[in-house]
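Participant: Provided below for reference: sequence and predicted model.
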Amino acid sequence: MEKVKSKIFYFSSNLVLQELPEQWNNTKKASVTVKQQVAPLQANEVAIIRRKSTSFDVKQHEFRERFRKEAPFLFDFANPYPCLDKQHACITKMEEEMYSLKESAGLFEVSLPEYKQLKACRREVGCLLEF
């Protein structure tokens, strides 16, 4: 009886091993099909992220120009701290948008610029607070 059970196990496991390569090939074919279906959607999302990046780049340059005009760079500026608080809040909001954009870009492997203008604004607010 034990010998029969071992032969049955041998034949059933052998059948499974023979079916595995065919199942693997079917899985590979299915993955190729899904990649082909998802590729246009990914391309659209990459285009959207690049468009958002370009828009944000323009926005940060405009913000930098506004920052240079509004920030209290002169010694005789009356009441600089409320102005610095306002600038800090605006920079924080822009940085949150930047981090969100970077996260989306990371998911789709899109490279983004450094956004140095925004970082310069952050650095200058810190310097102005020290004075």
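Facilitator: Perfect, I can see it now. Residues are numbered from 1 along each chain as shown.
Participant: CA atoms for contacts and neighbours, from now on please.
Facilitator: Will do.
Participant: Work out which residue lies at the spatial centre of this protein.
Facilitator: For the chain, the residue nearest the mean C-alpha position is Glu103 (2.0 Å; CA atoms, centre = their mean).
Participant: Out of the helices and strands in the protein, which is least certain?
Facilitator: helix 2-70 (a mean of 85; mean pLDDT, DSSP states H and E).
Participant: Any buried residues in the next helix or strand after that helix, and which?
Facilitator: Note on helix 2-70: by DSSP states H and E, the next helix or strand toward the C-terminus is helix 80-107. Residues of helix 80-107 classed as buried by neighbour count (16 or more other CA atoms under 10 Å): Pro80, Leu84, Gln87, His88, Ile91, Met94, Glu95, Met98, Leu101, Lys102, Ala105.
Participant: out of these, which one sits closest to Gln23?
Facilitator: Taking CA to CA as the measure, Gln23 lies nearest Ala105 of the buried residues of helix 80-107, at 35.1 Å.
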